[in-house]
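*Asks:* structure, please.
(one chain, ligands or ions: 1)
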Amino acid sequence: MADKVTLPSISTVLNSPTEASFMMSEQERLDWLHVMHMSLLNPSHDDLIMQHLAKVHASGRRSKVLDVGTGTGTWAVSLALRHPFADVIGIDINWSNFTNAHLPHGNVDFSTVDVTQTLPWTSFFDIVHVKSMLMDIPYYPQLIRRLSETLRPGGMIILIESELSYESVQGPPSSVVEAWSEALKRALAAKNTDVGLPRRLDTTVAATGFFSPQFFFQEIGCPVGAYMKGECMVQANLAFLLSLPYPFRTIDSTTFPESQTLLRAGQIQAHVLRTSLHRLVCNRIDHAERATLLSLGEACVQQLMAPDTPYLQRLFAVYAYKKAQPPTQAVTTHPGRAATSVASLVQS
Ligand SMILES: C[S@@+](CC[C@H](N)C(=O)[O-])C[C@H]1O[C@@H](n2cnc3c(N)ncnc32)[C@H](O)[C@@H]1O
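*Replies:* Reported below is the predicted structural model:
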């Protein structure tokens, strides 16, 4: 939520003598990522939500929205502020990063619920939102199935996940970045975290059989490190379903009104990056593999932050609508690929 987060002066942060050791709190990191993700995903993200909720409200009832793994609570509060006819619930199992003590309108609530267990809602929500949960949830497809049960028919699931690896805009990644990604992939596979899942988010959703085969999909290259100084060099695209290869389009301040926010978010990402890599390794990786990853990690950060080596991290978002009827049997293949547009989706 851009209006809640106060961005520190970039020059203050980047020119700080302690820059090399700058580490963010988890709250700050989540808030910075929130600003960057929303800058990149919008306006489509907000438009799809607004159109969906408007249809519910036009039918004469209040809407229900679930934010899974709400963390700071920022997304849930932001939605409740903008949609007073929506009742929003944020769930989590750990409130140490929660930052939204002043709640608006009385239309947002928070509850301690473990999303890996049976959930206390059936056909209840109009929207279920999940962002950046890949690292916390082994067997992510099970999560999608469990959450689909909490959605009303026609309800929308929103899944937003980043890849953990980084790719160079100018060719293959450096050997240290490659080695770090490979080591991380091996370490996480041992914990049943599927690092390749973000890239397959759309096919994974489709394969459950619970959602309409036409859904909205975004794949965006988030800029990493310092290369966004000066011109906004982010590349992004909007793609519908699986129209591979994704035609990346370059965003500048004329085509992308929020690029100033994005520019600042990209610059600060050097610090988000260092904190993220450190947290990832210290919190998620077993002791035996930690030393290797930590030693590679700092070299990796230096490489990713070098101004002459532009890297990006792919961000994927799926907005899918629950079918009126559940599938009669498990669906294991992709049900078909048909391109559509936001306008046709939101009008249907
Ligand atoms: C990386 S944070 C993302 C927070 C927020 N969605 C965002 O994008 O800023 C992951 C969150 O999921 C929560 N979480 C982890 N496992 C969970 C579970 N089993 N049930 C509910 N929440 C969980 C964590 O406590 C944490 O707040």
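
*Asks:* which positions within stretch 107-118 qualify as buried?
*Replies:* 107-108, 110, 113, 115 (16 or more other CB atoms under 10 Å). Heads up, the C-betas are built off the backbone N, CA and C, glycines and all.

*Asks:* kindly report the same for stretch 155-173.
*Replies:* Buried-residue list, stretch 155-173, by 16+ other CB under 10 Å: 155-168, 173.

*Asks:* before we move on, what about stretch 81-100?
*Replies:* Per 16+ other CB under 10 Å, stretch 81-100 contains these buried residues: 81, 83, 86-92, 97-98, 100.

*Asks:* just the closest of the buried residues of stretch 107-118 to Gln313, please.
*Replies:* Val115 (24.4 Å; CB to CB).

*Asks:* now do the phi/psi pair for Phe216.
*Replies:* Per-residue torsions, Phe216: phi -100, psi 140 (degrees, to the nearest 10).

*Asks:* again, but for Thr208
*Replies:* phi -70, psi -30.

*Asks:* grab the nearest non-local neighbour of Trp75.
*Replies:* Here the nearest residue to Trp75 in space, its sequence neighbours aside, is Asp67; by CB to CB, 6 or more residues apart in numbering that works out to 5.5 Å.

*Asks:* check the buried residues of stretch 155-173 one by one and keep those near the ligand.
*Replies:* Among these, proximity to the ligand is found for none (CB under 6 Å from any ligand atom).

*Asks:* pipe the buried residues of stretch 107-118 into a markdown table and attach secondary structure per row.
*Replies:* Formatted as a markdown table, the buried residues of stretch 107-118 follow (DSSP: H, G, I helix; E, B strand; the rest coil):
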| residue | secondary structure |
| --- | --- |
| Asn107 | coil |
| Val108 | strand |
| Phe110 | strand |
| Val113 | coil |
| Val115 | coil |
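
*Asks:* the ligand next: which of those are close?
*Replies:* Among the buried residues of stretch 107-118, the ones lying near the ligand by CB under 6 Å from any ligand atom are Val115.

*Asks:* closest to the ligand out of the buried residues of stretch 107-118?
*Replies:* Val115 (3.8 Å; CB to the nearest ligand atom).

*Asks:* what's the closest one in contact with, if anything?
*Replies:* Contacts for Val115 (CB atoms under 8 Å, 6 or more residues apart in numbering) come out as 68-69, 91, 133, 137, 143, 146-147.
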